[in-house]
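**Q** make a model of this:
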Amino acid sequence: MSFMLDEIRQQPKVLERTLKQELRGVESLRKVLAARPPRFIVLAARGTSDNAAQFGRYLLEISTGIPVSLAAPSIFTLYDASVHFRDTLVVAISQSGESTDTNLVLDRARQQGALTIGITNEPESSLAKLAEHVILIRGGREKSVAATKTYTGQLLAMYLLAYALGAKIRLDDLRRLPSHAAAALKLESSLTELAPRYRFMRQTVVVGRGLNYSNAFEFALKMMETSYVVAERFSSADFLHGPIAMVEQGFPAFLFGAPGPTWPSNAEMLMRLRDIGAETTMITDRSLPAAQSAARNVIQIPAHLRHKGPLPEDLFTPIPYIIPAQLFAAALAVEKGLNPDQPRSLQKVTRTL
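**A** Okay, here's the model as predicted:
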């Protein structure tokens, strides 16, 4: 068994442990942010962590109303620009905590007077020492080059940050996330059976929208780094604005079909793809029965994930939805005769400027 697969299976426990051990610190952070509310938020990250930041942008703007930007680290590392961070919260996200450029963004922001938070899996990392406040992913050492448990841990950290900023997120709902993750893991055997169908796949598209837009990036990244598939990623809106022209009969397309505000546009796009004759595979859950006839292959999480409350219905779908994608990527690599733990030209910690 690969490290990647083992770490995918660890995710329910990692989520549960992170919640239990970080909640007290998050409650303290909630008081700090109430006394010093930011007018603007900047998220700095690279790679998988940048995909988690993309999710954070949607979640934080939807749930708190605070504008959020994704940092461009080269503004600081290559152009040495001075950016005004007054009344800004700057959050750096890094699995290792040793990403040179994101750490520099955090350091510069703190010098300019920003309130800073680090999100990392490594409590002794440079990032943990640089940030004024830290939310730790309690994942234990991640051995696989392809990050899995730290990605879902970072998504959970984004929920905790939203809660700390005053979002109407119920802690009881967050406590259900480990069981939702466990439900998604039950699909492992069916995804292993699906992988041979895609053994010779060399290119594909992955589509998501809204809170699952980041998952489209993360799923595509996992296929690129472990199976060397050229995987383009789009929102369903952008996909219809041009890229759909490259799809022909039999072309593989993977989609995240969540309940709530994104479903009508995703359903429309699925119908277009079906008319073209594309090979569509959709990840969804039991709260969206209409999805059953929308795609050729339906990966249905055996749980009802529709959220009821003041926030969107698909609020808690991203963590359980990415797990089948991770399982498929790991199975596809093995089906192609590749080792997902040893992707060529990659190493666990990447330092860039």
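
**Q** quick check, residue 253 in a helix?
**A** No - checked against DSSP: H, G, I helix; E, B strand; the rest coil, residue 253 lies outside a helix; its state is strand.

**Q** residues near it, how many?
**A** By the measure other CB atoms under 10 Å, the count of residues near residue 253 is 24. Backbone N, C-alpha and C define where each C-beta goes, glycine included.

**Q** quick one: it and residue 274, what's the gap?
**A** 10 Å (CB to CB, to the nearest Å).

**Q** so what's in contact with those two at the same time?
**A** By CB atoms under 8 Å, 6 or more residues apart in numbering, residue 253 and residue 274 have these common neighbours: residue 280.

**Q** need the contact list for the residue most central in space within the chain.
**A** Centrality entry for the chain: nearest residue to the mean C-alpha point is residue 52, 4.1 Å, by CA atoms, centre = their mean. Going by CB under 8 Å, 6+ apart, residue 52 touches 45, 93, 151, 154-155, 157-158, 214, 218.

**Q** in those residues, find the pair that's most separated.
**A** Greatest spatial distance among the contacts of residue 52 (CB to CB): 157 and 218, at 15.0 Å.

**Q** quick one: low-confidence parts of the stretch 51-200 of the chain?
**A** Within the stretch 51-200 of the chain, no range satisfies pLDDT under 70.

**Q** just the strands in it please.
**A** 68-70, 88-94, 115-120, 133-136 (DSSP state E, counting those that start in this stretch).

**Q** any chance of those strands in CSV, plus mean neighbour count?
**A** Output for these, formatted as CSV (neighbours: other CB atoms under 10 Å):
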stretch, mean neighbour count
strand 68-70, 16
strand 88-94, 28
strand 115-120, 26
strand 133-136, 21
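
**Q** related to what we said a few turns ago, which of the contacts of residue 52 lies closest to residue 167?
**A** Nearest to residue 167 among those is residue 158, at 10.3 Å by CB to CB.

**Q** ok, the closest one - contacts?
**A** Counting by CB under 8 Å, 6+ apart, residue 158 makes contact with 52, 55-56, 59-60.

**Q** max-length helix in the chain?
**A** Identified as the longest helix of the chain according to DSSP state H is helix 11-35.
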